[in-house]
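> what's the 3D shape of this:
(chains A and B)
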Amino acid sequence: MGYIVESLRLLAGGAPRKPEKHHRHDAVNERYAEKRKTRLTKAALEAARDEHKSTCCNKWQRRRWATLIAVNLLFVVSYYFDVQLLEGALTASRFVGFHMADLNSALQVMLAFKHVVLNLIIGTVTVFVLWLLLGGRTFCSWVCPYHLVAEWAEYLHLWLAKKKIVKDHTFNRKVRILFYVLFVLLALVTGYTVFETISPTGILSRALIYGPGVALIWVALLLAFEIFYSRRAWCRYVCPIGVTYGVVGLFSPVRVKYNMENCHHEGDCRKVCMVPHVLDVTIRGRALQVDSDLASDCTRCGLCVDVCPTDSLNFVVKGIGKHL
Amino acid sequence: MNDKTRKKGKPGKLPLSPKRRAQNRREFIRTSVMAAGVVGFSLLGFLPLAQGTSLRLRPPGALKKPDDEQKFLAACIKCGQCVQVCPVQAIDLADLDEGFGIGTPYIDARSQACDFSCDGLQCVLACPTGALTHELDYPADARMGFARLANPGKCLALQGKGFKGQARGPDFKGVLRYEEVDRWNPIPVADHPYDLELCDLCVRQCPIEIRIADCARQEAKQEDHDGQALVAKRMGNECPPRHAIALEPVESPDGVTRMRPVIKDGCVGCGVCEMICPPEPPAIVIDIHKITDMA
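Numbering: from 1, shown residues only, chains lettered A, B, ... in the order given. All right, here's what the predicted structure looks like:
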């Protein structure tokens, strides 16, 4: 229950909690005290980081990029060679004949059309169950084509920021909920699927499958905005698809688990994260228990798992109790 | 644990420094401007609708009244499954310049019309949301638009002319199913030259007229071997109840009797006549603001 409440709060743009000593588990307090005594020097931290870098290989990022490209290519190949494996686009499709519908696109259609046919219900339930099993916002980082291009744009942004050519301008995260409510109301009131008009996910998916169009200019503008003005702005502050899957992820067993035991609290994970508020638990003094699951706003992208020098962050499947 | 956090967490809050407050104010202004920008841009999608530039010939079964597509645009999930199943690739998806119509299917009849060569209305069956309604079973039930002799001066039949050669020239990419050539696969129109004493392409290639002629042949067969053919005639092509187009004699001003294509109330607006019509611009076009029931 605590996980759901805290996740919802973060999804809605709330600030991560800052517990005081008596809120934390005794074992956690003990461990923090031990760490204070044996505080690592900057050089030791650097050494740990370098050692990790020499052994690691961005395992999860490679797997994720491969999956994302494979899924999107399957749409393209399926149509191009007419093999009918995965027909349609990311907004709605058929996987070997079985209906799938993106939850946010289906919601927009239901609200605008105010009438639901059986096939759409089947598709929506299928996709809901799929991402319930796979982790909700896993859709964002493992399937959404905009995520991949935005990730590349992010590298450019970070490089330019390092050279002090650009600066990251943050927005208030609460605006994402405002967008969500506005796009729901707009669909309901105007009777048009207003969000679909500007959704880079739908635009890119269709462009890949059916060929490019002027809509790509909008996607390019978004990327330029993210490169020169605000890091990962669309995914962080706007996209209602992410909110929808974030809610699905509340009930999903696939999560990233944080173990505070060996953590150096140096914050490398928060630097690579698209939704760093879910990683505030790794700040010294923030963990309530030895093990905590990252809130459902986490896209399960695995960048933090890859970068962590102490193996304190790992994928888990709840109930199976096994580390991936 | 959570309740405790919230109750006891408040008193520890320090008043914000002036610098921090200025940052927050700037962030609030930035956020407001960004929110207004994104929502404003999305609402620009209404402009093409208001101007009527997003109105298009839609696939069979599209939920639309001739002058109002609101329901169709609302119901369409913009996935393009209808595009993928069409054997003649008649369907394209609209782009961002059509605003809220982005990703919705349309047919550019002049370059590739719907000739119903899938027989089973595959696009309708593929649609996951009912934007292409399942309420129609046969091509004759479709209500896409209504043909109109827009440029009578261009009509070869009306000029008493025949037609010889490729209907749309050698470079035309459009395809049609010619049952006598290949029952199952459409072939390029450019590969099927004609030699007609009097041009009757719009009537000859009309999918509704072709089906009516088929049914007539089945009817004739039925007279030969009693009863059997009734089933055959219902296979996929249910006989259209009304004619769609015919050449009828008219008296021209110079006193000569000419043949003129006359559109009948069986026309569904599929666009094959517009596609096959040899002159440029075509003599016959589809009027998307009209369907047969209001004719």
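> quick one: buried residues of stretch A:104-114?
Residues A:N104, A:S105, A:A106, A:L107, A:Q108, A:V109, A:M110, A:L111, A:A112, A:F113 are the ones in stretch A:104-114 that count as buried (16 or more other CB atoms under 10 Å in any protein chain shown). Quick note: C-beta positions are derived from backbone N, CA and C, even for glycine.
> from the chain's centroid, how far away is that stretch?
Remark: stretch A:104-114 is offset 23 Å from the chain centroid, using CA atoms, centre = their mean, to the nearest Å.
> coming back round to it: same list (the buried residues of stretch A:104-114) but as JSON lines, adding secondary structure.
Formatted as JSON lines, the buried residues of stretch A:104-114 follow (DSSP: H, G, I helix; E, B strand; the rest coil):
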{"residue": "A:N104", "secondary structure": "helix"}
{"residue": "A:S105", "secondary structure": "helix"}
{"residue": "A:A106", "secondary structure": "helix"}
{"residue": "A:L107", "secondary structure": "helix"}
{"residue": "A:Q108", "secondary structure": "helix"}
{"residue": "A:V109", "secondary structure": "helix"}
{"residue": "A:M110", "secondary structure": "helix"}
{"residue": "A:L111", "secondary structure": "helix"}
{"residue": "A:A112", "secondary structure": "helix"}
{"residue": "A:F113", "secondary structure": "helix"}
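> nearest to A:S230 among these?
Minimum distance to A:S230 across those is 22.1 Å, recorded for A:N104 (CB to CB).
> contact partners for that closest one?
By CB atoms under 8 Å, 6 or more residues apart in numbering or on different chains, the residues touching A:N104 are A:F195, A:P240, A:I241, A:T244, A:Y245.
> tell me who's in contact with residue 287.
No chain specified, so I'll use chain A. A:R24, A:V28, A:Y258, A:M260, A:V281.
> that's the wrong chain, I wanted chain B
Contacts of B:D287 (CB under 8 Å, 6+ apart): B:G145, B:F146, B:A147, B:R148, B:G269.
> report the two of the residues you listed separated the most.
The largest separation in those, counting by CB to CB, is between B:R148 and B:G269 at 9.8 Å.
> what sits in contact with each of the two?
B:I286, B:D287.
> now do the contacts for residue 65.
Because you didn't say which chain, this covers chain A. Neighbours of A:W65 in contact, by CB under 8 Å, 6+ apart: A:L148.
> okay, strands next: where are they in chain A?
Assigned by DSSP state E, the strands in chain A fall at A:86-89, A:92-95, A:98-101, A:254-259, A:291-293, A:313-317, A:322-323.
> dump the contacts of B:D287 into TSV; add pLDDT, neighbour count and secondary structure as well.
Listed next are the contacts of B:D287 as TSV, based on pLDDT from 0 to 100; neighbours: other CB atoms under 10 Å in any protein chain shown; DSSP: H, G, I helix; E, B strand; the rest coil:
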residue	pLDDT	neighbour count	secondary structure
B:G145	94	26	coil
B:F146	95	22	strand
B:A147	96	28	strand
B:R148	95	18	strand
B:G269	95	29	coil
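> filter those residues by proximity to chain A?
Subset of these in contact with chain A: empty, counting by CB under 8 Å from any CB of the partner chain.
> between those residues, which is closest to chain A?
Closest approach between those and chain A, by CB to the nearest CB: B:G145, at 22.4 Å.
> so for the closest one, what's the nearest residue that isn't a sequence neighbour?
In space, and not counting its chain neighbours, B:G145 is closest to B:G269: 3.0 Å by CB to CB, 6 or more residues apart in numbering or on different chains.
> so where is the chain shaky, pLDDT-wise?
Using chain A. A:321-324 (pLDDT under 70).
> not what I meant, chain B
For chain B, applying pLDDT under 70 flags the ranges B:1-13, B:222-237, B:295.
> distance check, A:L134 against A:F251.
Distance, A:L134 to A:F251, using CB to CB, to the nearest Å: 12 Å.
> deepest of the strands of chain A, which one?
Highest mean neighbour count of the strands of chain A: strand A:86-89, a mean of 27 (counted as mean count of other CB atoms under 10 Å in any protein chain shown).
> elements contacting that one?
Contacts defined by 3 or more CB pairs under 8 Å, 6 or more residues apart in numbering or on different chains; DSSP states H and E place strand A:86-89 against helix A:59-80, strand A:92-95, helix A:200-210, helix B:81-85.
> which parts of chain B are strands?
Assigned by DSSP E, chain B shows strands spanning B:91-93, B:105-107, B:146-149, B:163-165, B:175-176, B:187-188, B:194-196, B:245-251, B:257-263, B:284-287.
> deepest-packed of those, please.
Highest mean neighbour count among these (mean count of other CB under 10 Å): strand B:105-107, with a mean of 25.
> the nearest residue to B:P60 once chain neighbours are set aside: neighbour count?
Sequence neighbours aside, B:A142 is the residue nearest to B:P60 in space, at 3.8 Å (criterion: CB to CB, 6+ apart). B:A142 has 25 neighbours, counted by other CB atoms under 10 Å in any protein chain shown.
> list just the nearest of the contacts of B:D287 to A:Y155.
Closest to A:Y155, out of all of these and judged by CB to CB, is B:G145, at 49.9 Å.
> go ahead and confirm that closest one touches B:I288.
Yes - judged on CB atoms under 8 Å, B:G145 makes contact with B:I288 at a distance of 4.4 Å.
> may I see the buried residues of stretch B:153-160?
So, applying 16+ other CB under 10 Å, buried residues of stretch B:153-160: B:K154, B:C155, B:L156, B:A157, B:L158, B:Q159.
> now swap in stretch A:146-160 and tell me
So, applying 16+ other CB under 10 Å, buried residues of stretch A:146-160: A:Y146, A:H147, A:L148, A:V149, A:A150, A:E151, A:A153, A:E154, A:H157, A:L158.
> go through those and flag which are in helices.
Among the buried residues of stretch A:146-160, the members found in helices (DSSP state H) are A:Y146, A:H147, A:L148, A:V149, A:A150, A:E151, A:A153, A:E154, A:H157, A:L158.
> how about the residues of the stretch 151-295 of chain B by chain A?
On the criterion CB under 8 Å from any CB, chain A has no neighbours in the stretch 151-295 of chain B.
> circling back: format the buried residues of stretch A:104-114 as a markdown table; extra columns: distance to A:A187.
As requested, the buried residues of stretch A:104-114 are arranged in a markdown table below (distance: CB to CB, whole Å):
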| residue | distance to A:A187 |
| --- | --- |
| A:N104 | 10 |
| A:S105 | 11 |
| A:A106 | 11 |
| A:L107 | 8 |
| A:Q108 | 5 |
| A:V109 | 8 |
| A:M110 | 8 |
| A:L111 | 4 |
| A:A112 | 4 |
| A:F113 | 9 |
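> make CSV from the helices and strands packed on strand A:86-89 and add distance to B:G45 to it.
Shown next, in CSV, are the helices and strands packed on strand A:86-89 (distance: least, CB to CB, whole Å):
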stretch, distance to B:G45
helix A:59-80, 24
strand A:92-95, 19
helix A:200-210, 12
helix B:81-85, 21
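> and these: which comes nearest B:K19?
The closest of the helices and strands packed on strand A:86-89 to B:K19 is helix A:200-210. By CB to CB, the value is 35.3 Å.
> pull the residues that contact the closest one.
Contacts to helix A:200-210, defined as CB under 8 Å, 6+ apart, come from residues A:72, A:75-76, A:79, A:89-91, A:102, A:105, A:144-146, A:149, A:196, A:213, A:215-216, A:218-219, A:222, A:234, A:239, A:241, B:78, B:80, B:83, B:92-93, B:96, B:102-103.
> now it: how far from the chain's centre is it?
Centroid separation between helix A:200-210 and its chain, computed with CA atoms, centre = their mean, is 19 Å.
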